[in-house]
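Trainee: missing the sequence, but the structure's below:
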């Protein structure tokens, strides 16, 4: 049993010894990378009948600009998010857990399609996941 | 009979539009040998299938654990609703490869997700659950000192996924507290002449998600030792889980079940295949 735990620990430790990484913003591809994520997500939402109805009255151009700003700022890029708080902008939409799951799944699919490193994907999800409490059931 | 009822239930569920399976892949975990969503031997706080809020889901699974002198086969299924409720059934067949014969046990489980969201809240996902276990071949457990042919386990589980936690990978941690009278999880009955008390035991799992589809992990399961005729020991395993897609997942592992009914150092493979709808 001890050797199994040792193997497990070694596997877990692989990667800990790498050189300093570029910022998350850079790992996401900088401005063009975030623009591609934003556009990919908008396309995915448009094709997702589970959640597309929430965007029926959304100004898509404005949403696209704000989402890109937000992802840029969150990931440490040279941007300032100029939109409202997550609470303000989602109140009245009654976004459910299922809606939130669907959006996260779409984001993951888009990041996978763009071959973003799994560690960068996870780092972005770590920043977005806590917004759940401000976005859902409002 | 149990199985036929189950398949009818699955067919009915299959016709619901609300089976959208919105949850993220791998968040339903695998199915433990007791039929609950979890690891291989530990029930987790996660709810089986990918049903999110207001959605129905279902799973069916078959598992096999082969150690030196015994083989455990498990067949079972579950239904879940709202990422909140999980109802499960499982039939265990424990083959006594060296002694001859087999012992069967049925387990009906229910789990309720109380608070927290596995992925999205600082608070871990918290669930409470119970297993009603009924032994079907009690003569042998009774002969070695077991008091009852049925028992109820109660458990409280906390599960949390930590994003970007270890070498850029997501980590799942689970801790479970269980109150039980079961000997060898019920395969050797419940309680004994000298010990009819509930025992509070700890069970834990830790897994690293290498990507969205593959996780490697370890588990530990503390067990009581109520029977006088033979020592019972804690269980451990290491596993690799492959979530091929949201419909099919496979888990392979290596289990160390310690001493069982006087047969020491019981170690061997663990295999499980699950379908989810």
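Mentor: On my side now, so go ahead. A quick note: this is a predicted structure, and the numbers were derived from the prediction, not measured. Residues are numbered from 1 along each chain as shown, chains lettered A, B, ... in the order given.

Trainee: give me the residue ranges of chain A where confidence is low.
Mentor: A:1-19 (pLDDT under 70).

Trainee: all helices of it, in order?
Mentor: A:2-13, A:24-27, A:30-46, A:60-74, A:86-90, A:97-113, A:118-128, A:132-135 (DSSP state H).

Trainee: what residues are up against the closest residue to residue B:135 other than its chain neighbours?
Mentor: Nearest residue to residue B:135 in three dimensions, chain neighbours excluded: residue B:149, at 4.3 Å (C-beta to C-beta, 6 or more residues apart in numbering or on different chains). Any C-beta I mention is one placed from the backbone N, CA and C, and that applies to glycine too. Neighbouring residues of residue B:149 by C-beta atoms under 8 Å, 6 or more residues apart in numbering or on different chains: B:134-135, B:138, B:141-142, B:189-190.

Trainee: need the pLDDT of whichever residue of the stretch 101-250 of chain B sits closest to chain A.
Mentor: Proximity of the stretch 101-250 of chain B to chain A (C-beta to the nearest C-beta) peaks at residue B:168, 2.4 Å away. pLDDT recorded at residue B:168 is 96.

Trainee: wait, isn't it in contact with residue A:118?
Mentor: Yes. Assessed by C-beta atoms under 8 Å, residue B:168 is found in contact with residue A:118 at 6.6 Å.

Trainee: where does pLDDT dip in the stretch 1-150 of chain B?
Mentor: Along the stretch 1-150 of chain B, the parts satisfying pLDDT under 70 run over B:1-19.

Trainee: for it, what lies in contact range of chain A?
Mentor: B:20, B:22-25, B:52-55, B:83, B:117, B:119-122 (C-beta under 8 Å from any C-beta of the partner chain).

Trainee: between the residues you listed, which sits nearest residue B:105?
Mentor: Each of the residues of the stretch 1-150 of chain B next to chain A was scored against residue B:105 by C-beta to C-beta, and residue B:83 proved nearest at 28.5 Å.

Trainee: so the closest one lies in a strand, does it not?
Mentor: No. Counting by DSSP: H, G, I helix; E, B strand; the rest coil, residue B:83 is not found in a strand; it is coil.

Trainee: buried among the residues of the stretch 1-150 of chain B next to chain A? Make that a ChimeraX selection.
Mentor: In ChimeraX, this line selects whichever of the residues of the stretch 1-150 of chain B next to chain A come out buried by 16 or more other C-beta atoms under 10 Å in any protein chain shown:
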select /B:20,22,23,24,25,52,53,55,83,117,119,120
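
Trainee: in helices, which of the residues of the stretch 1-150 of chain B next to chain A fall?
Mentor: Per DSSP H, helices hold no members of these.

Trainee: residues contacting the residue in chain A positioned nearest to chain B?
Mentor: Nearest residue of chain A to chain B, counting by C-beta to the nearest C-beta: residue A:119, 2.4 Å away. For residue A:119, the contact set (C-beta under 8 Å, 6+ apart) comprises A:21, A:27, B:164, B:167-169.

Trainee: let's see that with 10 Å instead.
Mentor: A:15, A:18, A:21, A:24, A:27, B:164, B:167-170 (C-beta atoms under 10 Å, 6 or more residues apart in numbering or on different chains).
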